[in-house]
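> fold the stuff below for me.
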Amino acid sequence: APEDNIDKGKDTEVVQAGYYDDYDWVDLPHHIQDAAAALGYDQTLWDMGGISWSEDDSWDELTPEAQEAAALLGYDKYSWDGIDPITGAVVEDDYVSYDDDYVFQVGSSDVWVSEYQILYFFAALSFLIVGILDLIRERHVFHILMILAGAFGVISAVYVEEDISLSNIFNSVSVHFYLLEALTLFGEHRRGAITMEVGKLITFTMMLGDLEFIVGALFDVILSYFDVFDNTADWDVSLMIVSIVGAVLWLHCSLIYMGAFFYEYHEAKTNVATIEGREDDGSDLRNTEKDGHTPTTEINSAGSRDSVKYNHIRTSIHTSEVNLAVVCL
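Reported below is the predicted structural model:
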């Protein structure tokens, strides 16, 4: 039987390209396992359907040893390079999305847009917009880090399906900026950069959110190096777990920031109402002026100071409303 021949490890058995693709690693003959290993595969990569370094090389770029290993798997120059041996034309394979969830094709090219790519693009774009709004509202230069992180994230999303290696490089740059933003934000909050006077609980909560932002960004920085330099990273379960933990930290810290926003929003609304009430009281007192005396001099002075604060709070509220809409997106 053919299976008996395989079990005996007949190196001379001729098979077609892709013959062993549906085999699990443990079911491969030993000499085929050795051939696959010579092409960059191990058990995890083979069973998970991963991509080894050899798949990025043409037949002529393979070493003689790698060509011999590929031949044992049923490949020759034509089948390896995907060339029709008669016409010499390139045989186009069916397009496979990076996440197998492609939505539409880009023009007549062999590039598709996936659901993952769409979500990634708009998430990065949201960070970019939030960074711009925070820079306008708070005038802190360090928000440029968030803008750069979002910009590189958008570029990374664009290349997810066209060139995943290039996408991983841009993503690595992006998460480094996120980490710098997180560290700077933590330092600013620790030095009392929060504009509202808040209690110990909200201060502690904000510090916790900052730390989660830092740890989550640090995890992403570490993972980005695996994505850039290790072709097997996508199939490593331990790295997947780290990625999930990082995502949970990002989600939780964003909920903390959202809660802090609503607190600041409420306090700002309260302060606006107080200032408007004080101005109304000053107006009433001015109506009682007699004999050229002005009993409201002190109130007018306070009102002038409050007017500046009032305008700042108003601007903060309107900017925060837009900020919240972007974060919700």
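> could you pull up phi and psi at Ile83?
Dihedral pair for Ile83: phi -120, psi 140, per degrees, to the nearest 10.
> quick thing: my sequence starts at 604, can you match it?
In the new numbering, first residue 604, that becomes Ile686.
> okay, and the beta partners of it?
Val693 (DSSP bridges).
> and it, how many residues sit next to it?
Ile686 has 16 neighbours, counted by other Cβ atoms under 10 Å. From N, CA and C alone the C-beta is placed, and that goes for glycine too.
> from Ser661, how far off is it?
The gap separating Ile686 from Ser661 is 10 Å, by Cβ to Cβ, to the nearest Å.
> equivalent analysis for Val617, please.
23 Å.
> equivalent analysis for Val744, please.
For Val744, the distance to Ser661 - Cβ to Cβ - is 48 Å.
> just Ser857 next, same as before
Taking Cβ to Cβ, one finds Ser857 at 45 Å from Ser661.
> between these two, which has more neighbouring residues?
The neighbour comparison of Ser857 against Ser661 (other Cβ under 10 Å) goes to Ser857, with 15 against 11.
> what helix or strand does that one sit in?
helix 840-889 (DSSP states H and E).
> and if you look at Ile805?
Assigned by DSSP H and E, Ile805 falls in helix 803-832.
> let me see the mean pLDDT of that helix.
The average pLDDT for helix 803-832 rounds to 87.
> which elements pack onto it?
With contacts taken as 3 or more Cβ pairs under 8 Å, 6 or more residues apart in numbering; DSSP states H and E, helix 803-832 sits against helix 767-793, helix 840-889.
> quick one: that helix to helix 767-793, angle?
Orientation of helix 803-832 against helix 767-793 (axes from the mean of the first three to the mean of the last three Cα atoms, to 10 degrees) gives an angle of 160 degrees.
> show me which residues of helix 803-832 are buried.
Using 16 or more other Cβ atoms under 10 Å as the test for burial, helix 803-832 gives 805-806, 808-809, 812-813, 815-824, 826-827, 829-830.
> quick one: that helix to helix 840-889, angle?
Going by the same axes, to 10 degrees, helix 803-832 makes 140 degrees with helix 840-889.
> show me what counts as buried in the one helix or strand Ala669 maps to.
Using DSSP H and E, Ala669 maps to helix 667-675. For helix 667-675, burial by neighbour count (16+ other Cβ under 10 Å) applies to Ala669, Gln670, Ala672, Ala673, Ala674, Leu675.
> residues touching the fourth one, list them.
What that stands for is Ala673. Residues in contact with Ala673 (Cβ atoms under 8 Å, 6 or more residues apart in numbering) are Ala638, Leu642, Ser657, Trp662, Leu665, Trp683.
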